[in-house]
Structures are given as structure tokens and as C-alpha cells.
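how does the following fold in three dimensions:
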Amino acid sequence: MVMKKINLGSEGLAVPGIGLGCMGMTGFEGGNMYGEADEKEAIATIHRSFELGGNFLDTADLYGPFKNEQLIAKAIGGNRNKYIIATKFGWEIDENDKVTWAINGKKEYVKKAVERSLKNLNTDYIDLYYMHRLDKNTPIEETIEAMSELVKEGKVGYLGLSEVSSETIKRAHAIHPITAVQSEYSLFERTAEERGILNTLHELGIGFVAYSPLGRGFLSGQIRTIDDLPENDFRRAIPRFQEPHFYKNIELVKAIETMADEKEITTTQLALAWIIAKGILPIPGTKRRIYLEQNIASTEIELNETDLSKLENIVPLGTDTGNPYDEFSMGLID
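Numbers count the residues shown, from 1 in each chain. This next block holds a predicted model:
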């Protein structure tokens, strides 16, 4: 299988039609993300993705912290130029490798963060470098100016933003061309659409990357009760996985499953094919080859206008499925 390449944005970055979200491949400060990590299987998943044409990997310095970037370095050792790596900075990490939970977009921190990521990734360049969250105490112009210097120095190829408003995107793009904006987007989370952000990106020729395109696992169809999540799973603290939303969301998933069954595909594949049909790049996270193969197969599924309308009638724009984050994290979205 040769996966079709697409242009992400209009600055020259060509990527496969689906990326690989790597966050769950490592834990976080001793805990697990989306279940227990298995380094051997995670590396095998990255290699299998490459075999199938999936060479676009998404990570961040926050994941671990640092362990995720280090895992990717280990997985792609000797083949760096065959992969496209996107990583992120912004969550402040101190000299003791501890996350302070502040957002830092100051010029000196940008310089510090990129050198650290280059070291952890064991590379001399990053293909796509995102600001993970907006530092509301630092003008976006200062952050983007610092990031643009990294492009001039050859340390970064393209610039990206994550979870930002249309106004921030326009101000950033005026300083240096932005290639991609990454936000949560799925049948269960269409805030970027509701707020007109997708329209802004289209007008400016900026690509949109959808993280958590499976609603943090809801759209996999494998969650039926809250007890299907491990006791220490971070999703238990998310309103979407709590009452009064949880069981209402399960009913929506069941309706999507019915449509997937009619098409003889999985719920996961239907949810991803819907995103792809809208011209958006999904980066579903997985750390297992079996799910990776199912995800990549979704790039071969074609949905017509009737299919898209039917799906969007199941979960209409504006449906309240519950906030995707706890109150603290919601406050950090621009």
C-alpha cells in the first residue's frame, strides 16, 4: 500500500493523508497515558507505519516529559531523513525535568526548548515545530519571531500553532507563514468549526491537523462503561467521560456503529474517513500495530455527500458531548 500524500498548508510540506500520534507510547511522570506503554510494541508500530507509508510522527517535549521524543529517536535511528517529525514546546519544563504547568512563549524559552528537543530527538532539524499552547502573558509576535529565527537557522522547517483562536492565527501568520494549526477535532469535538477557525485557516492557506480524532477513544466503540477505563486513567477527570454526558455519548457511538456496520468498516475507520473527507489531517494515537493498520486503511475509504450528511445528522454541529478537558486545561485554550 502506498499512501497518498497531501499538502499540509501552502508552504511546501507534503505529508501522508494520516499521521501517527505518539503521545500514548510513553507514560507521563511515572503514570500511564491511555493504558500501559510497551516500548518494544511502540517501536514496532512506528516501523509498521513507515512500511505502510505513514512516516509523519507527532510528539511533544511535554510527553514524558522528553521520553516520547527519545523513543522516536530510538525508533528511527539511522533513518531520520525518511521521517517527517512534528514536535511541540510551550508547557514550561524546569531544570529538573519537571513540568511547572505554566505556558512559556518567551524568546529565550523558545531557544532553550528547541535545543532540548533536537537533543532528545537526536537530530539537527525538526520538520514542523508547534507552539503547544498560547502564552497569554507574552505577545504572540514575540514567540513567532523567535520561532522564525529557528527556520532561518535551519533548525526548523515549518511553524505550527495548537489550540489557538482566529485572531491569534492572523497575528502569527503576519509575522511568519504558519503551515499548520493543530486542535482537537472529531465527530464529538467541533469547536474549531463552530468558532470559524477552519474558515480562517482556509482563507490563509494553513493546514488543519486533528488530534484526538477518535474522541479520546470514545469513537473506537471499545468503551461502554466508565469501568472500561483503568482506575488511574486521566480521562476519568474529563467531563465528557462523566455524567450527565457519558451515557448520552455512548448512545451516539451506537448510532455511528450501526452506520459503520452497514458499510462493513469499523467505527474508528468511519470516524477517520469523515475527517479525511473534510480535507483535514487526522493524527490518531496508537501504540499497537493492529490498530495502526486499521487507522491507515481508513485513507482508502471514500464517503459521499449522503454519507457525510447522515453522520453529521447523528452528531449535529453544536451537540454538547461535554468538555474535552478539566477546568484548568480548558482555561489554557485560546
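
residue ranges with poor pLDDT in the protein?
For the chain, the stretches with pLDDT under 70 are 1, 31-33.

so how far is residue 313 from the spatially most central residue of it?
Among the residues of the chain, the one closest to the centroid is residue 211, at 2.9 Å (C-alpha atoms, centre = their mean). Residue 211 is 25 Å from residue 313, where distance means C-beta to C-beta, to the nearest Å. Just so you know, the C-beta spots here come from the backbone N, C-alpha and C atoms, and that holds for glycine as well.

again, but for residue 53
If you go by C-beta to C-beta, the gap between residue 53 and residue 313 works out to 33 Å.

ok, now residue 117?
Here the distance between residue 117 and residue 313 works out to 43 Å (C-beta to C-beta).

returning to that earlier point: for the residue nearest to the centre of the chain, phi and psi?
Backbone torsions for residue 211, taken as degrees, to the nearest 10, come to phi -90, psi 160.

now it, which residues is it bridged with?
residue 184 (DSSP bridges).

surely residue 177 touches residue 159?
Yes. Judged on C-beta atoms under 8 Å, residue 177 makes contact with residue 159 at a distance of 7.3 Å.

more neighbours: these two, which one.
Using other C-beta atoms under 10 Å, the more surrounded residue of residue 177 and residue 159 is residue 159, with 25 against 19.

wait, a strand at that one?
Yes. Assessed with DSSP: H, G, I helix; E, B strand; the rest coil, residue 159 lies in a strand.

just list the residues touching it, thanks.
When contacts are counted by C-beta atoms under 8 Å, 6 or more residues apart in numbering, residue 159 touches 128-130, 144, 147-148, 151, 172, 176-179.

go with 7 Å
Residue 159 makes contacts with 129, 147, 151, 176, 178-179, as judged by C-beta atoms under 7 Å, 6 or more residues apart in numbering.

any idea which helix or strand carries residue 256?
In the assignment (DSSP states H and E), residue 256 maps to helix 246-263.

next, the angle from the following helix or strand past that helix to helix 246-263.
Moving toward the C-terminus from helix 246-263, the next helix or strand (DSSP H and E) is helix 267-277. Orientation check (axes from the mean of the first three to the mean of the last three C-alpha atoms, to 10 degrees): helix 267-277 against helix 246-263 gives 80 degrees.
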